[in-house]
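**Student:** Below is the structure, and that's it, no one-letter string:
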């Protein structure tokens, strides 16, 4: 059966990584997978092209998508269409109706939309609520990547919570980096001392400002902090590191398609986000047996870390609490095997089976 996956593009983000990992599992189960993109671009595009079909809708704006997608559905007639990320999650069900599409339409949200778009103001909030009220109802199946994401989807659309299914994001098993890759990572870390890693796009919601402020307060003056990712906030973060007097201890390593050498050579992973749909990078860190400190933000970290039993959870926006937790984590031994066992709960084949069952394709 053909399964089509609709995304804006294949940039190096968490949702895009998740959909690629699911696609590999669908293919192993004997299905044909095709990526349908608003724009055929992004860091993961080459990986997708090697294994899957790519359809470029050539639709730079969301308003161009409905008719382009409807034409695609009429022509290709996949058994199922999987759609990730608003507004595509509300546009695609409408396009499917326009095309008189008879396959399943599964929508999947990867963020707490009410918080993600809160800064946009009242008009945008009305558009978000109105579009989810209509679009979600036209979908066959609705998935959230955490229980908190599902709750947010239900409130926005005014649908019952039973209409939404939580399926945690699949995370690939940790790879064993080659010695050369480990050497490259060690060189990037530079001087000796505790190594603190944070992985994620450098955008405001990740609140790297908070992380830098906490890092400047640490009782481990020899510690190094590496930020893996790039984004709009990089210049501001570099300026803040300089202002705090820690610029020589903070490493801006950019986007890395394979972050495994950096997880392998770190001593601690920290997530400082204001909110997360899930928190893929926490699971990635656990898969390397890496201890984790995270803000207790909505909605994934507490679910992943079993309410603090497997890592440190601190209040959102509290730099002193974050610094104290980092100091404590650096000073305490971690049960690496227990952390790895928890990461195994999020294996891609587990999530893929759940998706295929919902689609009636298992």
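**Tutor:** Okay, I see it. Keep in mind it's a predicted model, so treat the numbers as computed, not measured. Numbering: from 1, shown residues only.

**Student:** Name the next helix or strand downstream of the longest helix anywhere in the chain, please.
**Tutor:** The helix spanning the most residues in the chain, taking DSSP state H as the definition, is helix 122-138. Going down the chain from helix 122-138, the next helix or strand is strand 141-144, by DSSP states H and E.

**Student:** Could you list the buried residues of the longest helix of the chain?
**Tutor:** For helix 122-138, a neighbour-count test (16 or more other Cβ atoms under 10 Å) marks 128, 131-132, 135-136 as buried. Every C-beta, even on glycine, is put in place using the N, C-alpha and C of the backbone.

**Student:** Remind me what that helix packs against, helices and strands.
**Tutor:** helix 88-98, strand 104-109, helix 113-116, helix 147-157 (3 or more Cβ pairs under 8 Å, 6 or more residues apart in numbering; DSSP states H and E).

**Student:** Which parts of the stretch 151-300 of the chain are helices?
**Tutor:** With DSSP state H, counting those that start in this stretch as the definition, the stretch 151-300 of the chain shows helices at residue ranges 179-189, 208-216, 234-244, 260-265, 280-287.

**Student:** what angle separates the third one from helix 208-216?
**Tutor:** Angle of helix 234-244 versus helix 208-216, following axes from the mean of the first three to the mean of the last three Cα atoms, to 10 degrees, is 30 degrees.

**Student:** got the contact list for helix 234-244?
**Tutor:** 202, 208-209, 212-213, 215-216, 227, 247, 250, 252 (Cβ atoms under 8 Å, 6 or more residues apart in numbering).

**Student:** chain center to that helix, what's the gap?
**Tutor:** Centre-to-centre, helix 234-244 and its host chain are 25 Å apart (Cα atoms, centre = their mean, to the nearest Å).

**Student:** So which bits of it are buried?
**Tutor:** In helix 234-244, counting by 16+ other Cβ under 10 Å, buried: 234, 237-238, 240-241, 244.

**Student:** Report the two of those residues separated the most.
**Tutor:** 234 and 244 (15.6 Å; Cβ to Cβ).

**Student:** Spit out the contact partners of the closest residue to residue 254 other than its chain neighbours.
**Tutor:** Residue nearest to residue 254 in three dimensions, not counting chain neighbours: residue 230, with 5.2 Å by Cβ to Cβ, 6 or more residues apart in numbering. Applying Cβ under 8 Å, 6+ apart to residue 230 gives the contacts 201-202, 254-255.

**Student:** Same check on residue 353?
**Tutor:** Counted by Cβ under 8 Å, 6+ apart, residue 353 has contacts residue 362.
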